[in-house]
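Colleague: Structural data only, the sequence is not supplied:
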Ligand SMILES: Cc1cc2nc3c(=O)[nH]c(=O)nc-3n(C[C@H](O)[C@H](O)[C@H](O)COP(=O)(O)OP(=O)(O)OC[C@H]3O[C@@H](n4cnc5c(N)ncnc54)[C@H](O)[C@@H]3O)c2cc1C
Ligand code: HEM
Ligand code: HEM
Ligand code: SF4
Ligand code: F3S
Ligand code: FES
């Protein structure tokens, strides 16, 4: 049986043609509006309260729509955006260092390895400026200089200093700004908040997204909720790898259920791997912790020259150390982009030169920086990161070099959306990390926060009115056949999971799935590896449905049941990721395809064959998915091969 | 190492609940506290018992979900460390560890170690924001902020809303949490127009939610994983005094 | 904003602080007055007499002292009422106790304010019956305060001195946290100020204790007779 079939190409028809600088303006002008007095009659469900969902719900509420907001945590403030550390890009050019909207646009298209839509990226760059204004007005305490003005820094590969930050907690501060705006609307009654509710199904009636089925995670009750439009802002699916920097609850369920209901899923294999994470310490490990990329500004990466050199780092003399990034990439040295740093680390570990108890780690050494700058300067720059490292590993990075290893961090795949952020199901909008990212096969930092807030504050509220102006749509209720069916499906699934009563825990399956994915669909992929992974995933999925043990009942809080549902969806997603990775035989973005490399062993993109978005259609369980291609056209930034040598 | 755990088990909000003893063998010192509980839960599951429910999400000390009182100390013995960042190397072989949920009337237990912290959200909704409708913002550089104020605002903004302050306070007061938000916003020029209505609104909600009053004991700041300064409570008191005096609608104040 | 600001939990704190400070002012004056003992019998009795006449001729007779007494009484009642209200709320805010007792990680003084307050109250009642009304005093002559004091702390009545000492030490603890706490309640808000406030409260409590205890111990050791 074929792994997939190819269907008709798709096109994004919402973005106007013509000069790119005015497309967003013109789209906004052409979009139909809803009269303020009619907005009250229109209901929108927003799933997710991260940067994307939180800002969208607050803004829609402010506009006067009736918003119903959902998240699985106990409070909207805990969405995973809270964990983002580094910063957010904006083309403010406060430094007068030559930045502009066009340059941010240009850098982002390039950073996305020419797998992004120009129109969307340009809009993102335009809106970036407004985001900073908005957040400052909300009281987000960005870093400032002594003159009282905002400070910026340079971040991953950019030559201008355009990254705004709030110490190492930028995501937290931006999210709290959105959360507070959301709470204000909750108090005003325009937004109804439903925390500790997990969306388990999408309701589609007459071809339109009209509601969701949720499980109240406290009472266990399964209920339905209806609206004129549904917005998914449910974040990324990095947890398919089990070990990732994502929060434990991050899941694909919301978007996967929509995919099964007909929304196309685009570029599922695009994941971003972050080179500076704390290495795994043992089998008990439940998640990985990111150490900010900024550490590479002053730390030097090395491993021993000899294979299997188990001496402590202090005892390894200078001439027996291999500062491999500085050696291979003299121009960029320790500051090469994420994907290159990650793969280089994997390569030296594969050669057997990795350090630490597991051999999966490389040193990030601050001895030189401490000698050069003094301990206090290093402490001032990185003190809180050093403390966190010490808390987790028990080692003092001022004394012994840190150990780091790459980890899955961010997923660029997601539901396919058009310029308006609408999926292929009318009335279903997808924003933030949940959609396939504006920034393509991104290799840079500080773009995801920008996208989340751009979508939520500025883009969606403007485009959704075009759809809502046709509403309110015909009322539906529990007895509508599609509704009853969706709800019955969920109930059925829950009772099936509870009834298996096997002999393996959910986590044991998840861990095994993660290992397969990391091994074969992680940083480096090969045809043979991916085919093997597909076989293993299918076999494991079968085992899962026969042997998983979910204790307890469906009534009341049952964390094992929640996990089981998420892992079940991860299995299906994992398969699609492998198929997507298999069909994309080029090296691109964060991933290296073994079969596609330059003579020097660097990533080789294949623009002739793969300059498209791969959007997958679900055709039924165990049926091969259908591939729809959206061609990417580059009018303003012309694809070039990159080189960091 | 081998540990004995005494864990609060409570099937639901109406259940009475009790401490139950479990043995956990072979704990690695590199495990985090929550990973140690994961191990216990895996075993309970296979033994056909209900795993212990506890809140957690990011497991890197920033979301504020994790919330265990360990040997009487919210987030355990290490300073400036959330439960999820606490590692087992701080415990010793053969130790007995007591694990309980946050205790406060405003934080009712949902199950085992999971409590309901909606009260914090309601305090924020009652004024813990700056009104800035999307699109209405002036240019970010229109209003410089003195670095000292910006830094102090940040220090307070670092609160993760975990509730350890309440769990630690002998009065069950939510004052440190409230003070952190009032201070953050009150230190910024953007926060001035609503400065006094904010504090009145938030305090009214704080009291209505059933938190106790503060008598400046200071346990909250010791337990706080983000080291929110105790002095913020003074700032809250001062703003409240002023707000009560000017009753928030006197022009020119 | 249903509750009046005074009944809000911060309002109650402010009531505690203001009344506490009023009581502290009285104590300072009272301590200084007591130290007149060292100036001899006539001086002390004269001072006590002068106190009662204070305000004359604007206020006739013993008005001044009665106004002062009323103010003190109001302060004490308000202080206790606010303390009780806060205690009741604290109890309600934490209906379930921890199985593992929370260790005290700040100061014991802060944790014993309520007990300390009750001890002080009991002491003051006894003290008034002792030295103001004279009911419990071996001499009990309202016109001879010096003699009353000397009779009170006679070496044979060491237990009275002991009780006074305990009470004054309890007061010292109450004030060590109380003075710092009052400043915080009234808006002290900087880390440096906090260090100063703590140091000041400690020194103040020690000086006040020493000042009060000087009198009974002077009598006990025969320094004053
Ligand atoms: C450690 C880390 C550091 C990062 N640092 C940076 C950085 O420096 N700069 C940058 O630009 N980006 C960074 N990123 C990426 C960025 O943080 C995320 O891409 C972005 O925050 C995603 O926001 P979101 O709103 O789309 O989703 P999230 O914030 O993940 O929110 C998802 C929301 O959906 C809800 N939800 C999910 N599933 C369901 C369901 N089934 N039912 C109900 N609700 C559901 C959740 O409750 C939550 O509210 C970082 C990411 C990580 C993990
Ligand atoms: C029955 C007698 C008393 C009781 C029950 C009592 C109780 C308390 C309590 C519980 C507090 C802590 C409240 C807080 O810190 O906010 C307190 C504070 C204080 N008490 Fe007392 N007290 C009593 C008598 C006194 C006396 C006689 C004095 C003075 C001499 C005094 C001075 C203070 C001061 C200055 C404070 C600090 C106020 C504050 O914290 O804001 N108290 N008292
Ligand atoms: C330990 C040494 C003390 C001595 C020797 C002492 C002595 C006296 C004397 C002689 C009087 C009577 C004055 C008069 O009737 O003219 C008096 C009254 C009083 N004392 Fe003290 N006192 C002491 C400590 C305290 C303390 C610690 C407190 C409070 C906490 C206190 C509170 C009072 C009060 C409230 C009165 C009544 C004042 C009045 O009648 O208006 N005393 N004291
Ligand atoms: S003040 Fe500290 S302890 Fe309290 S909620 Fe905030 S972070 Fe947690
Ligand atoms: S411990 Fe409690 S009494 Fe106040 S200073 Fe902290 S809230
Ligand atoms: S789990 Fe997020 S702070 Fe501990």
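Modeller: Happy to help now that I have it. The shown structure was predicted, so the numbers you read here are calculated from the model rather than taken from an experiment. Ligands and ions are numbered 1, 2, ... in the order given.
Colleague: Run through the chain and note the low-pLDDT ranges.
Modeller: Because you didn't say which chain, this covers chain A. Residue ranges of chain A with pLDDT under 70: A:1, A:156-157, A:644-645.
Colleague: Switch to chain B, please.
Modeller: For chain B (pLDDT under 70), the answer is B:247-253.
Colleague: Residues of it that sit close to ligand 6?
Modeller: When proximity is defined by CB under 6 Å from any ligand atom, chain B lies next to ligand 6 at B:56-59, B:61-66, B:82-84. Glycine gets a C-beta too; all of them are placed from N, C-alpha and C.
Colleague: Quick one: residues in contact with the lengthiest helix in chain B.
Modeller: Longest helix in chain B by number of residues (criterion: DSSP state H): helix B:231-246. Contact with helix B:231-246 is made by B:156, B:175-176, B:178-180, B:182-183, B:186, B:195-197, B:199-200, B:203, B:214, B:216, B:253, C:5-6, C:8, C:10-11, C:13-14, C:184-191, C:193-194, as judged by CB atoms under 8 Å, 6 or more residues apart in numbering or on different chains.
Colleague: Tell me which residues touch residue C:119, please.
Modeller: With CB under 8 Å, 6+ apart, residue C:119 has these contacts: C:166, C:167, C:170.
Colleague: which secondary structure element contains residue A:341?
Modeller: helix A:338-350 (DSSP states H and E).
Colleague: what comes up buried for the longest helix of chain B?
Modeller: With burial defined by 16 or more other CB atoms under 10 Å in any protein chain shown, the residues of helix B:231-246 counted as buried are B:231-241, B:243-244.
Colleague: same thing with stretch A:355-366?
Modeller: By 16+ other CB under 10 Å, the buried positions in stretch A:355-366 come out as A:355, A:356, A:360, A:361, A:362, A:363, A:364, A:365, A:366.
Colleague: Need phi/psi at the first one.
Modeller: Geometry field for residue A:355 lists phi and psi as phi -120, psi 170, criterion degrees, to the nearest 10.
Colleague: what's the closest non-adjacent residue to it?
Modeller: residue A:361 (5.1 Å; CB to CB, 6 or more residues apart in numbering or on different chains).
Colleague: Could I get the contacting residues of that neighbour?
Modeller: By CB under 8 Å, 6+ apart, the neighbours of residue A:361 are A:279, A:349, A:354, A:355, A:403, A:404, A:405.
Colleague: Could you double-check that the second one sits in contact with residue A:359?
Modeller: Yes - contact between residue A:349 and residue A:359 holds when scored by CB atoms under 8 Å: they sit 6.4 Å apart.
Colleague: helix or strand right after whichever helix or strand residue C:127 is part of?
Modeller: Element membership of residue C:127, judged by DSSP H and E, is helix C:113-127. Remark: after helix C:113-127, the chain's next helix or strand is helix C:145-152, criterion DSSP H and E.
Colleague: In terms of secondary structure, what does that next one contact?
Modeller: Contacts defined by 3 or more CB pairs under 8 Å, 6 or more residues apart in numbering or on different chains; DSSP states H and E place helix C:145-152 against helix C:41-53, helix C:191-220.
Colleague: Residues of the stretch 1-150 of chain A that sit close to chain B?
Modeller: A:55, A:58-59, A:62, A:73-78, A:80, A:82-83, A:92, A:94, A:130, A:132-134, A:136-150 (CB under 8 Å from any CB of the partner chain).
Colleague: wait, residue C:20 sits on residue C:80?
Modeller: No - the pair residue C:20 and residue C:80 does not pass the contact test of CB under 8 Å, sitting 11.0 Å apart.
Colleague: more neighbours, these two?
Modeller: A direct count of neighbours by other CB atoms under 10 Å in any protein chain shown for residue C:20 and residue C:80 places residue C:20 higher, at 23 against 15.
Colleague: okay, the more buried one: pLDDT?
Modeller: Looking at residue C:20, its pLDDT is 97.
Colleague: which bits of chain C sit near ligand 3?
Modeller: Going by CB under 6 Å from any ligand atom, the residues of chain C near ligand 3 are C:30, C:34, C:48, C:65, C:69, C:120, C:124, C:127-128, C:131-132, C:145, C:149, C:164, C:168, C:171, C:212, C:215-216.
Colleague: PyMOL command for the buried members of those?
Modeller: Command for PyMOL that selects the buried part of these, burial taken from 16+ other CB under 10 Å:
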select buried, chain C and resi 34+48+120+127+131+145+149+164+168+171+212+215+216
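Colleague: Contact partners for residue A:98?
Modeller: residue A:160.
Colleague: tell me the SS of residue B:5?
Modeller: strand (DSSP: H, G, I helix; E, B strand; the rest coil).
Colleague: separation between it and residue A:635?
Modeller: Residue B:5 sits 63 Å away from residue A:635, going by CB to CB, to the nearest Å.
Colleague: what does residue C:100 give?
Modeller: 67 Å.
Colleague: out of the two, which sits in the more crowded spot?
Modeller: Between residue C:100 and residue A:635, counting by other CB under 10 Å, residue C:100 is the more crowded of the two (18 against 10).
Colleague: Correct me if wrong: that one contacts residue B:96.
Modeller: No - with contact defined as CB under 8 Å, residue C:100 does not reach residue B:96; the gap is 9.7 Å.
Colleague: Next, give phi and psi for the residue of the stretch 51-200 of chain B found nearest chain C.
Modeller: Relative to chain C, the nearest point of the stretch 51-200 of chain B is residue B:172 (3.1 Å; CB to the nearest CB). The phi/psi pair for residue B:172 (degrees, to the nearest 10) reads phi 60, psi 40.
Colleague: Give the burial count for it, as a bare number.
Modeller: 25.
Colleague: do the same with the one 3 residues further on
Modeller: The local packing of residue B:175 (other CB under 10 Å) involves 29 other residues.
Colleague: For burial, what's the neighbour tally of the residue lying closest to residue A:611 once chain neighbours are set aside?
Modeller: Using CB to CB, 6+ apart and skipping residues adjacent in sequence, the residue nearest residue A:611 is residue A:632, 5.1 Å away. Each residue near residue A:632 was counted by other CB under 10 Å, and the total is 20.
Colleague: So what does residue A:632 have for phi and psi?
Modeller: Taking degrees, to the nearest 10 as the convention, residue A:632 sits at phi -100, psi 130.
Colleague: any idea how far residue A:114 is from it?
Modeller: Remark: distance between residue A:632 and residue A:114 (CB to CB) = 7 Å.
Colleague: list residues touching both of those two?
Modeller: With CB under 8 Å, 6+ apart as the test, residue A:632 and residue A:114 both reach residue A:611.
Colleague: would residue A:630 count as being in a strand?
Modeller: Yes - under three-state DSSP, residue A:630 falls within a strand.
Colleague: Give me the neighbour count for it.
Modeller: Residues near residue A:630, counting by other CB under 10 Å: 19.
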